[in-house]
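J.: mind folding the following:
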Amino acid sequence: MARYTSLFTVSTTLESFRDLLSNLLQSCHCDIIYDADDYMVAREIPGRVSYAKLVTVEVLIDKTYDYDQEVRMNVVVKNEELPLKRDNHCHHMFNLVNRAVEESRQWHPVESLAG
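T.: Numbers count the residues shown, from 1 in each chain. Take a look at the predicted model:
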(Lines give C-alpha, C1' and ligand atoms only; values in the text may rest on other atoms or scores of the structure.)
Protein backbone atom coordinates (compact mmCIF):
# COMPACT_ATOMS: atom_id res chain seq x y z
CA MET A 1 0.00 0.00 0.00
CA ALA A 2 1.33 3.45 -0.93
CA ARG A 3 1.23 5.98 1.88
CA TYR A 4 2.59 9.52 2.06
CA THR A 5 2.30 11.97 4.95
CA SER A 6 2.79 15.65 5.54
CA LEU A 7 2.30 18.07 8.40
CA PHE A 8 1.08 21.63 7.82
CA THR A 9 0.45 24.63 9.99
CA VAL A 10 -1.66 27.26 8.24
CA SER A 11 -2.77 30.70 9.30
CA THR A 12 -6.56 30.70 9.51
CA THR A 13 -9.19 30.39 12.19
CA LEU A 14 -10.47 26.99 13.20
CA GLU A 15 -14.03 28.14 12.45
CA SER A 16 -13.32 28.79 8.77
CA PHE A 17 -10.76 26.00 8.36
CA ARG A 18 -13.20 23.12 7.91
CA ASP A 19 -15.04 24.71 4.96
CA LEU A 20 -11.75 25.78 3.38
CA LEU A 21 -10.32 22.28 3.73
CA SER A 22 -13.45 20.70 2.27
CA ASN A 23 -13.29 23.01 -0.76
CA LEU A 24 -9.58 22.33 -1.17
CA LEU A 25 -10.06 18.55 -1.18
CA GLN A 26 -12.90 18.84 -3.68
CA SER A 27 -10.63 20.89 -5.94
CA CYS A 28 -8.25 17.89 -5.85
CA HIS A 29 -10.99 15.61 -7.33
CA CYS A 30 -11.99 14.14 -3.95
CA ASP A 31 -15.37 13.78 -2.22
CA ILE A 32 -15.67 14.11 1.55
CA ILE A 33 -16.80 10.75 2.92
CA TYR A 34 -16.33 11.37 6.65
CA ASP A 35 -16.27 14.59 8.61
CA ALA A 36 -15.79 14.68 12.38
CA ASP A 37 -14.67 17.41 14.74
CA ASP A 38 -10.95 16.66 14.41
CA TYR A 39 -10.81 14.30 11.42
CA MET A 40 -11.80 14.50 7.75
CA VAL A 41 -11.59 11.77 5.11
CA ALA A 42 -11.94 12.28 1.37
CA ARG A 43 -11.91 9.71 -1.41
CA GLU A 44 -10.81 10.34 -4.98
CA ILE A 45 -13.71 10.42 -7.42
CA PRO A 46 -13.77 7.22 -9.53
CA GLY A 47 -13.34 7.36 -13.28
CA ARG A 48 -9.80 8.55 -13.91
CA VAL A 49 -7.88 5.50 -12.58
CA SER A 50 -8.57 1.89 -11.59
CA TYR A 51 -10.18 1.24 -8.20
CA ALA A 52 -6.91 -0.07 -6.70
CA LYS A 53 -5.29 3.28 -7.46
CA LEU A 54 -8.07 5.45 -6.02
CA VAL A 55 -6.61 7.63 -3.30
CA THR A 56 -7.93 8.29 0.19
CA VAL A 57 -6.92 11.52 1.91
CA GLU A 58 -7.10 11.57 5.71
CA VAL A 59 -6.67 14.85 7.57
CA LEU A 60 -6.17 14.87 11.33
CA ILE A 61 -6.82 18.32 12.75
CA ASP A 62 -4.67 18.94 15.82
CA LYS A 63 -7.07 20.34 18.41
CA THR A 64 -4.29 20.56 21.03
CA TYR A 65 -2.39 23.15 19.01
CA ASP A 66 -3.29 26.31 20.94
CA TYR A 67 -3.11 29.28 18.60
CA ASP A 68 -6.03 31.54 17.69
CA GLN A 69 -5.07 32.20 14.08
CA GLU A 70 -3.29 28.94 13.15
CA VAL A 71 -4.39 25.37 12.54
CA ARG A 72 -2.09 22.35 12.42
CA MET A 73 -3.07 19.34 10.35
CA ASN A 74 -1.53 15.98 9.55
CA VAL A 75 -2.35 14.83 5.99
CA VAL A 76 -2.11 11.18 4.93
CA VAL A 77 -2.57 10.27 1.26
CA LYS A 78 -2.82 6.53 0.61
CA ASN A 79 -4.15 3.85 -1.71
CA GLU A 80 -3.89 0.11 -2.36
CA GLU A 81 -1.27 0.51 -5.07
CA LEU A 82 2.16 -0.99 -4.35
CA PRO A 83 4.68 1.86 -4.54
CA LEU A 84 7.17 -0.03 -6.70
CA LYS A 85 8.22 3.23 -8.34
CA ARG A 86 8.39 6.73 -6.90
CA ASP A 87 6.40 7.90 -9.91
CA ASN A 88 3.01 6.42 -9.01
CA HIS A 89 -0.56 7.73 -8.89
CA CYS A 90 -0.64 8.03 -5.09
CA HIS A 91 2.52 10.13 -5.11
CA HIS A 92 1.05 12.34 -7.86
CA MET A 93 -2.08 12.91 -5.75
CA PHE A 94 0.09 13.56 -2.68
CA ASN A 95 1.91 16.28 -4.62
CA LEU A 96 -1.40 17.70 -5.86
CA VAL A 97 -2.82 17.95 -2.33
CA ASN A 98 0.40 19.43 -0.95
CA ARG A 99 0.56 22.05 -3.70
CA ALA A 100 -3.10 22.91 -3.11
CA VAL A 101 -2.45 23.44 0.61
CA GLU A 102 0.71 25.47 0.02
CA GLU A 103 -0.75 27.62 -2.79
CA SER A 104 -4.22 28.21 -1.38
CA ARG A 105 -5.19 31.86 -1.28
CA GLN A 106 -7.53 31.16 1.64
CA TRP A 107 -4.69 30.76 4.14
CA HIS A 108 -0.96 31.23 4.45
CA PRO A 109 1.23 28.17 5.17
CA VAL A 110 3.26 28.77 8.34
CA GLU A 111 5.08 25.44 8.40
CA SER A 112 5.13 22.27 6.32
CA LEU A 113 6.89 18.92 6.61
CA ALA A 114 6.47 16.14 4.05
CA GLY A 115 7.64 12.60 4.43
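J.: for residue 111, what are its contacts?
T.: Counting by C-beta atoms under 8 Å, 6 or more residues apart in numbering, residue 111 makes contact with 7, 8, 9. All C-beta spots, glycine's among them, are computed from the backbone N, C-alpha and C.
J.: so what's the first one bridging to?
T.: In this structure, residue 7 bridges to residue 74, residue 113 when assessed by DSSP bridges.
J.: burial of it, as a residue count?
T.: Per other C-beta atoms under 10 Å, the neighbour tally for residue 7 reads 15.
J.: now it: how far from residue 54?
T.: 24 Å (C-beta to C-beta, to the nearest Å).
J.: so what's the residue nearest the centre of the chain up against?
T.: Closest residue to the average C-alpha location of the chain: residue 75 at 4.6 Å, with C-alpha atoms, centre = their mean. By C-beta under 8 Å, 6+ apart, the residues touching residue 75 are 5, 6, 7, 8, 57, 58, 59, 97, 98, 101.
J.: pLDDT added to the contacts of residue 111, as JSON lines?
T.: Output for those, formatted as JSON lines (pLDDT from 0 to 100):
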{"residue": "7", "pLDDT": "94"}
{"residue": "8", "pLDDT": "93"}
{"residue": "9", "pLDDT": "91"}
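J.: quick one: which of the residues you listed is nearest residue 45?
T.: residue 8 (23.0 Å; C-beta to C-beta).
J.: could you pull out the helices for the protein?
T.: Applying DSSP state H to the chain gives helices spanning 14-27, 89-103.
J.: tell me the average confidence for the longest one?
T.: Going back to what we said before, that points to helix 89-103. The average pLDDT within helix 89-103 is 94.
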